[in-house]
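# Sharing a model prediction with you, sequence too.
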Amino acid sequence: MRALAAAVGAIVVAASVLAGEIPPAERRSGYDFMSRETRAMQDDETANPATLWVLEGAALWQRKVGEAGRACADCHGDARTSMKGAAARHPVFDAARGRPVSLEQRINACRVDRQQAPALAWESRDLLALTVFVARQSRGLPIDMPVDGRTQPFLDAGRATFQRRQGQLNLACSQCHDDHWGRQLAGNVIPQAHPTGYPIYRLEWQSVGSLQRRLRNCLVGMRAEAYDYGAPELVDLELYLMWRARGMTFEAPGVRP
Amino acid sequence: MANALISVPARARRGEIIEIKTLVSHPMETGYRRTQLGARIPRDIVRLFVCSYNGVEIFRAELHPAIAANPFIVFPTIATESGTLTFQWTGDNGFSVTESAAIAVE
Amino acid sequence: MQPASRREFLWAAGGAAGLGLLGLVVRPAEATPAAMQEAIRKVVGTAKVSPGRVKLELPPLVENGNTVPLAVSVESAMTEADHVRAIHVFTEKNPQPDVVGFRFGPRAGRASVSTRVRLADTQAVVAIAELSDSSFWSATVNVVVTLAACLEEA
């Protein structure tokens, strides 16, 4: 009887580990799945191509723009202090908008509301430069994603998207990234999909790009409909992915294959 | 806009071999890619990189489309005297970027 | 940006696979080992190329052919009398065989250089060093280039 109970218990445990999230102690950044050379490219900021965008972002930070003729620096001063930790806790709940917003959306909100300048287009050089510059100020810090009553529903929506089968292949993100991480998919190792390094310089893009760009790539790769940039589904998914990576070290700007 | 990133030690001992790292912002369009409609995207690359030390050329690289985007080149030189290292990249469509870095040699 | 038809999408996905930025399905006529030999001949002329003295380092297995770190060095005292004049790099299966040519002098102190290259396919990469005594030395490395698993659409 005890043996049967133990056997059933083992099966139940196995099933819940398979279908569930990665145990916190087993979480590893995409960095750990990369070759030695690609890691070196990320670690050495004088060799990391994303540094070119970071420097552009630093210049944009000082530039006065818009009807208000204001620079980011005019309100936020030295980004090294004012932006420290910011990227490591986005998406963050925005009371005015009643929902979480990503770092790019927050930057654009500032541009429109406070600088009276037009919003920057997704994946535009300027938005990427500003985002990666701000993200750089959180490099080395732990990802900090506390959840409260306001953000819980959005977190749940993000988790549901992650676990929902989608597209022509009827695949869910969790099937690769929770259940089969570490295995090979056509010559590449499947990472756990923690957004620890975003915005990244992706070797495939030969450019810096956002997490939303990467998520859309994945959706297209799964033969699913890619949500538009800035769509609530993508921001909720970002929120869930950052929460799933809470406590892990923020590496931006990362380099990925 | 950040065109280039240079990494040179600010000071060195006379005769010491120093390592210089250079990174320049450029897509290095190969000329072999096509748009979805089949039209060829014309070649647009950095073709030449020259480093001079107090006006004397000490290193040169001739680049072809097989150099990855945002060309990264690391090379050594002997720290002979204090002065200025100049870096120049030139390429297709009149591309030209010049940067310099000072070095103190004791 | 979604493609107009599924066939277009499948072509784009299949055709772009593995060749990354170079985006070719059919290898053009000039990308052959013979083309590489011709390019090498343009540099060395009729001189003999001896294997040795050159150390060429590339990762044996490359995650993405768009950006492959490459380091090459040559044993040399780098004196006025005996130094490396140039290092040339070639590939045998890229659309063009020439990759880069580096020119040195005794002021380099050391004949070593690193960069990042593009490799269209699994292939051999060859580095040829030209010394001040007009001799030529070479090293060859075989690299395996894997394909990106999930390709981007435009």
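Happy to help now that I have it. Fair warning: this is a prediction, and the values are worked out from it, not measured in the lab.

# CA only for contacts and neighbour counts going forward, please
Will do.

# Around chain C, pick out the residues from chain B.
Within chain B, the positions near chain C by Cα under 8 Å from any Cα of the partner chain are B:17, B:30, B:32-34, B:36, B:58-69, B:71-78.

# Of these, keep whichever come out buried.
B:17, B:30, B:33, B:58-69, B:71-78 (16 or more other Cα atoms under 10 Å in any protein chain shown).

# tell me the centre residue of chain A?
A:Pro195 (3.7 Å; Cα atoms, centre = their mean).

# ok so that one is a strand residue?
No: assigned with DSSP: H, G, I helix; E, B strand; the rest coil, A:Pro195 falls outside any strand and is coil.

# Quick check: the gap between it and A:Leu127.
With the distance defined as Cα to Cα, to the nearest Å, A:Pro195 ends up 18 Å from A:Leu127.

# again with A:Arg183
A:Arg183 is 34 Å from A:Leu127, by Cα to Cα.

# which one of the two has more residues nearby?
Neighbour totals were compared for A:Arg183 and A:Leu127, and A:Leu127 leads with 23 against 14 (other Cα atoms under 10 Å in any protein chain shown).

# tell me the contacts of the more buried one?
If you count contacts by Cα atoms under 8 Å, 6 or more residues apart in numbering or on different chains, A:Leu127 has them with A:104, A:120-121.

# Which residues of the stretch 101-250 of chain A lie near chain B?
A:Gln206.

# Need the buried ones from the contacts of A:Leu127 selected in PyMOL.
Applying 16+ other Cα under 10 Å to those, the buried members can be selected in PyMOL as follows:
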select buried, chain A and resi 104+120
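
# What about the contacts of A:Leu127, which are in helices?
A:Glu104 (DSSP state H).

# Pick the one among the contacts of A:Leu127 closest to chain B.
A:Leu120 (16.4 Å; Cα to the nearest Cα).

# which residue packs closest to the closest one, ignoring adjacent ones?
A:Leu127 (5.8 Å; Cα to Cα, 6 or more residues apart in numbering or on different chains).

# Residues of chain B that sit close to chain A?
Close to chain A, as judged by Cα under 8 Å from any Cα, chain B has residues B:1-7, B:21-25, B:27, B:69-70, B:72.

# Now do the contacts for the closest residue to A:Gln168 other than its chain neighbours.
Leaving aside its sequence neighbours, A:Gln168 sits nearest to A:Arg223 (Cα to Cα, 6+ apart; 5.3 Å). Residues near A:Arg223 by Cα under 8 Å, 6+ apart: A:167-169.

# In terms of helices and strands, where is the one residue sitting closest to the centre of chain B?
By Cα atoms, centre = their mean, the mean C-alpha position of chain B lies nearest to B:Phe49, the distance being 4.8 Å. Here B:Phe49 sits within strand B:46-53, counting by DSSP states H and E.

# what does that strand rub up against?
Outside strand B:46-53, the residues that reach it (Cα under 8 Å, 6+ apart) are B:26, B:28, B:57-64, B:83-92, B:95.

# Please, where are all the helices along the chain?
No chain in the question, so chain A it is. Using DSSP H, helices in chain A cover A:2-19, A:36-43, A:50-62, A:72-76, A:79-82, A:103-113, A:125-136, A:152-163, A:173-177, A:211-221, A:232-244.

# actually it's chain C I care about, not the one you picked
Using DSSP H, helices in chain C cover C:6-16, C:33-44.

# Compare the ones you listed and say which comes out lowest on pLDDT.
Lowest mean pLDDT within these: helix C:6-16, a mean of 44.

# if we can go back for a sec, now, of the helices of chain A, which is deepest in the fold?
helix A:125-136 (a mean of 26; mean count of other Cα atoms under 10 Å in any protein chain shown).

# so where is the chain shaky, pLDDT-wise?
By default, I'm working from chain A. A:1-19 (pLDDT under 70).

# looking at chain C here, not the other one
Using pLDDT under 70, chain C drops low at C:1-31, C:147-154.

# Please list the residues of it that sit near chain B.
Residues of chain C lying near chain B (Cα under 8 Å from any Cα): C:12, C:21-24, C:66-68, C:94, C:96, C:98-105, C:107-119.

# just to revisit the earlier point, am I right that the residue nearest to the centre of chain A is in contact with A:Leu211?
Yes: contact criterion Cα atoms under 8 Å: A:Pro195 and A:Leu211 qualify, at 7.1 Å.

# circling back: which ones among the buried ones among the residues of chain B next to chain C are found in strands?
B:17, B:58-63, B:72-78 (DSSP state E).

# and the longest strand along chain B with strand B:46-53, angle?
Secondary structure of chain B per DSSP E: the longest strand is strand B:95-105. Computed by axes from the mean of the first three to the mean of the last three Cα atoms, to 10 degrees, the angle separating strand B:95-105 from strand B:46-53 equals 20 degrees.

# tell me what strand B:95-105 is packed against?
strand B:4-7, strand B:11-12, strand B:83-91 (3 or more Cα pairs under 8 Å, 6 or more residues apart in numbering or on different chains; DSSP states H and E).

# And it, how far out from the chain middle?
Mean C-alpha position of strand B:95-105 versus that of the full chain (Cα atoms, centre = their mean, to the nearest Å) differs by 10 Å.

# and the residue sitting furthest away from the middle of chain B, which of the three is it?
Distance from the C-alpha centroid of chain B peaks at B:Leu37, with 34.1 Å (Cα atoms, centre = their mean). Taking three-state DSSP as the rule, one finds B:Leu37 in the coil state.

# A:Tyr31 against A:Glu37, yeah?
No: counting by Cα under 8 Å, A:Tyr31 sits too far from A:Glu37 to count as a contact (11.1 Å).

# What residue in the stretch 51-200 of chain A comes nearest to chain B?
For the stretch 51-200 of chain A, Cα to the nearest Cα, closest residue to chain B: A:Glu56, 5.0 Å.

# which residues of chain B score low on pLDDT?
Those would be B:1-2, if you go by pLDDT under 70 across chain B.

# circling back: what's the most distant pair in the residues of chain B next to chain A?
In terms of Cα to Cα, those reach their longest pairwise distance at B:Ser7 and B:Pro27, which sit 20.8 Å apart.

# check contacts around the residue nearest to the centre of chain A.
By Cα under 8 Å, 6+ apart, the neighbours of A:Pro195 are A:211, A:241-242, A:245.

# and which of those is nearest to chain B?
Among those, and counting by Cα to the nearest Cα, the member closest to chain B is A:Leu211, at 20.8 Å.

# Wait, that closest one touches A:Thr196, no?
No: counting by Cα under 8 Å, A:Thr196 is not a contact partner of A:Leu211; they are 9.9 Å apart.

# Tell me the residues of chain A that contact chain C?
Counting by Cα under 8 Å from any Cα, the residues of chain A near chain C are A:35, A:37, A:185-188, A:203-204, A:206, A:217-218, A:220-222, A:257.

# go with 6 Å
Counting by Cα under 6 Å from any Cα of the partner chain, chain A comes close to chain C at A:186-187, A:217, A:221, A:257.

# Kindly reformat those as CSV containing distance to A:Asp144.
Shown next, in CSV, are these (distance: Cα to Cα, whole Å):
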residue, distance to A:Asp144
A:Ala186, 34
A:Gly187, 33
A:Asn217, 26
A:Gly221, 30
A:Pro257, 26
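
# Out of these, which two are the most distant from each other?
A:Gly187 and A:Asn217 (17.3 Å).

# Now do the buried residues in stretch B:20-34.
Under the neighbour-count rule (16+ other Cα under 10 Å), stretch B:20-34 has B:20-26, B:28-30, B:33 buried.

# ok, and what's touching that stretch?
Stretch B:20-34 is contacted from outside by B:3-8, B:40-45, B:65, B:69-76, C:22-23, using Cα atoms under 6 Å, 6 or more residues apart in numbering or on different chains.
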